[in-house]
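In: Let me see the structure of the following:
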Amino acid sequence: MKIKLIVSVAVLFYLLQFNFASAHNLYLSSIIGKGEYGSKDGSVTEAIFRNPYGIAFDKENNLYIVDSKNNMLKKVTDSKVTTVTGKIDLLDEKGLPVGTFKDGTFKDAKFNEPRNIALNFKGEFILTDTNNNLIRLVSSSKITTLAGTGEVGYKDGKNNISKFNKPTGVDIDKNGNIYIADTGNNIIRMISTKLEVATFAGKYVEKGGYLDGDLQTALFNEPSDICIVGDVFYVVDSGNHAIRKIENGQVTTIAGHVFYGETDNEYGVSDDISMDAKYSKFKFPKAITTLTDGTIVIADTWNKKIKYIDTLGNIKEFKILTKLQDGTTQDFGISGPIDIVELNNKLYVSDIWDNCIYVFDIEITNETEQAVDLSRKVLNKGKITDIPVISDETKVLLPVRKFFEQSGAIVTWISETREAVVKIEDNEYRFQVDNDNIKIVNSTMMVGIKYLNEKYKQDIVYDKTSNTIFAY
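Out: All right, here's what the predicted structure looks like:
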């Protein structure tokens, strides 16, 4: 078997172009919530949440917050936080709220760790009641079940017989159809205006997967959010650490390099690399939105960052800052951005771990940027070559000489000690046959990828799907 190797060393060959791009900064404006873990209504500085999740604005620009672990929906008006609906009836042995289910008035309704909301054309909210596996409708005075039976499962059909599995993200198209990121089923569902539930995109597979293609054959892995812009659907494919686009009946990957490790992992391999969208890497991103200028913004949740796709197609990070009294700025850290929404040039960020909503002023400045032509440069070195590997169920082994010589190293074989000496600049590394991690196969010394990663702190990954090794 032969695979491709992409090696990252020094930049050798690249073509530079000068382009005007935009730099994005976020300046802390205010914080909604005290940052403590619990439940309390009150002023925006005193309110307390328990893992806040989805956020959205109503037609009057009041902010609504899904207070997930409190099983409540809250509202911010005139700098005050109040509970719209949901209640705490039961506590577990740790004193934490226990979610339940009940339709009815705002006063009586009950939820089980709801996550996201979206506003429809009537001014009502569609809410994903995640642990109840239901889609709920929040009207002007009551809560009703819009779709789902409450049982975990996968079933299309009329709304009252359909089944979901941990539905999370939600958005609504221009015709009023509702789209759900059915996270546990690894697909995107649609609820039509006639209340028929159908699979919109993705082939149902129990453990998820990754494949671009048409709507029926594409594969997702725990999609967590949807953002609809006209006829284009952007999907946060969280388990694949990628951003997918659905347009004209096709699913494509627009950001995040998707690959799996040398064993059958449930999730793709994550990282934190901001560069050309094709080679960028995320770590369980959870939310997506667009700014008024069309910029796509991503909550890269486990990397604790807010990222965006610039006009050149590169993934970049927002620089998050706070202004000090003396006029200077300093970096500001966030912990778990789980949902994002823009209003009036401010970005609202729901932070599930900081238990608050951050409000940032958005600053966009034009800058001259050097763009790299990746047809001459893959990652940081323009070198792609075939490398023969050996793979079984637990290991992937690659040839020591060919692998390291592609990086410009000098490899010397010492037959007396049955070891290879690899010289990289002024450093030497010795590989001696142990018949476990280092073997002689058909007169060629082979070394395990996992061994290289653990012993030498490398970042080398085997992509089983595309039969490729990536070394960063």
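In: Report the contact partners of the residue positioned nearest the centre of the chain.
Out: Nearest residue to the geometric centre of the chain (Cα atoms, centre = their mean): Pro285, 1.7 Å. By Cβ atoms under 8 Å, 6 or more residues apart in numbering, Pro285 lies in contact with 224, 236, 238, 241, 243, 256, 298-301. Any C-beta I mention is one placed from the backbone N, CA and C, and that applies to glycine too.
In: pretty sure Asn131 is in a helix, no?
Out: Yes. Counting by DSSP: H, G, I helix; E, B strand; the rest coil, Asn131 is located in a helix.
In: if I pick Ser30, what's in contact with it?
Out: Ser30 neighbours (Cβ under 8 Å, 6+ apart): 44, 359.
In: Next one: it from Leu215, what distance?
Out: Using Cβ to Cβ, to the nearest Å, Ser30 is found at 42 Å from Leu215.
In: before we move on, what about Lys319?
Out: Per Cβ to Cβ, Lys319 is found 37 Å from Leu215.
In: again with Leu347
Out: 31 Å.
In: With neighbour numbers in mind, choose between those two.
Out: Using other Cβ atoms under 10 Å as the criterion, Leu347 and Leu215 rank with Leu347 on top: 23 against 15.
In: Distance check, the residue sitting furthest away from the middle of the chain against Tyr429.
Out: Most distant residue from the mean C-alpha position of the chain: Glu416, 50.8 Å away (Cα atoms, centre = their mean). In this view, Glu416 and Tyr429 are 18 Å apart by Cβ to Cβ.
In: now Leu347
Out: 46 Å.
In: Among the contacts of Pro285, which one is most surrounded by other residues?
Out: That'd be Val236 among the contacts of Pro285, by other Cβ under 10 Å, with 31 neighbours.
In: for that residue, helix, strand, or coil?
Out: Of the three states, Val236 takes strand according to three-state DSSP.
In: what sits opposite it in the beta ladder?
Out: Asp225, Ile243 (DSSP bridges).
In: ok, it - contacts?
Out: Counting by Cβ under 8 Å, 6+ apart, Val236 makes contact with 169, 181, 223-226, 243, 285-288, 298.
In: and which of these is nearest to Asp108?
Out: Closest approach between the contacts of Val236 and Asp108, by Cβ to Cβ: Gly169, at 27.0 Å.
In: from the chain's centre, how far out does the one helix or strand the closest one maps to sit?
Out: Following DSSP states H and E, the helix or strand that holds Gly169 is strand 167-172. Relative to its parent chain, strand 167-172 has a centroid offset of 15 Å by Cα atoms, centre = their mean, to the nearest Å.
In: Residues contacting that strand, please?
Out: With contacts defined as Cβ under 8 Å, 6+ apart, strand 167-172 is touched by 115-121, 126-130, 133-135, 148, 178-184, 189, 223-228, 235-236, 287.
In: After that strand, which helix or strand is next? Please name it.
Out: Next element after strand 167-172 (DSSP H and E): strand 178-182.
In: got the contact list for that next one?
Out: 118, 120, 126, 128, 135, 146, 154, 164-173, 188-191, 200, 223-226, 228, 233, 235-236.
In: Likewise for stretch 136-149?
Out: Contacts of stretch 136-149 (Cβ under 8 Å, 6+ apart): 73, 84-85, 103-106, 109, 111, 114, 117, 123-129, 132-135, 159-164, 167, 178, 191, 195, 197.
In: let's see it at 7 Å
Out: For stretch 136-149, the surrounding residues in contact (Cβ atoms under 7 Å, 6 or more residues apart in numbering) are 73, 85, 103-106, 109, 124-127, 129, 133-135, 159, 161-164, 191, 197.
In: Which among the residues you listed count as buried?
Out: Neighbour-count burial (16 or more other Cβ atoms under 10 Å) is assigned, among those, to 73, 85, 106, 109, 124-127, 129, 133-135, 159, 162-164, 191, 197.
In: I'd like the contacts of Pro285 as a markdown table, with pLDDT and distance to Lys94 appended.
Out: Listed next are the contacts of Pro285 as a markdown table, based on pLDDT from 0 to 100; distance: Cβ to Cβ, whole Å:
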| residue | pLDDT | distance to Lys94 |
| --- | --- | --- |
| Ser224 | 98 | 26 |
| Val236 | 98 | 30 |
| Ser238 | 96 | 27 |
| His241 | 94 | 31 |
| Ile243 | 96 | 36 |
| Gly256 | 89 | 36 |
| Ile298 | 97 | 33 |
| Ala299 | 98 | 28 |
| Asp300 | 96 | 30 |
| Thr301 | 97 | 24 |
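In: State the helix or strand in which Arg136 lies.
Out: strand 134-138.
In: Could you please name the strands that strand pairs with and the direction of each pair?
Out: Strand 134-138 has the following strand partners under DSSP bridges: strand 125-129 (antiparallel), strand 142-147 (antiparallel).
In: who wins for proximity to Thr328 among the ones you listed?
Out: strand 125-129 (41.0 Å).
In: Give me the mean pLDDT for the longest helix along the chain.
Out: Longest helix of the chain, by residue count under DSSP state H: helix 449-456. Throughout helix 449-456, pLDDT has a mean value of 78.
In: can you give me how far it is from the chain middle?
Out: Remark: helix 449-456 is offset 27 Å from the chain centroid, using Cα atoms, centre = their mean.
In: what's the angle from the strand holding Arg136 to strand 178-182?
Out: 140 degrees (axes from the mean of the first three to the mean of the last three Cα atoms, to 10 degrees).
In: give the contact list for Lys304.
Out: Applying Cβ under 7 Å, 6+ apart, we find Lys304 in contact with 333-336.
In: Narrow the residues you listed to those in strands?
Out: Among these, no member falls in strands (criterion: DSSP state E).
In: show me where the stretch 1-150 of the chain has strands.
Out: 2-7, 16-32, 42-43, 52-57, 63-67, 72-77, 80-85, 90-91, 97-98, 104-105, 117-119, 125-129, 134-138, 142-147 (DSSP state E, counting those that start in this stretch).
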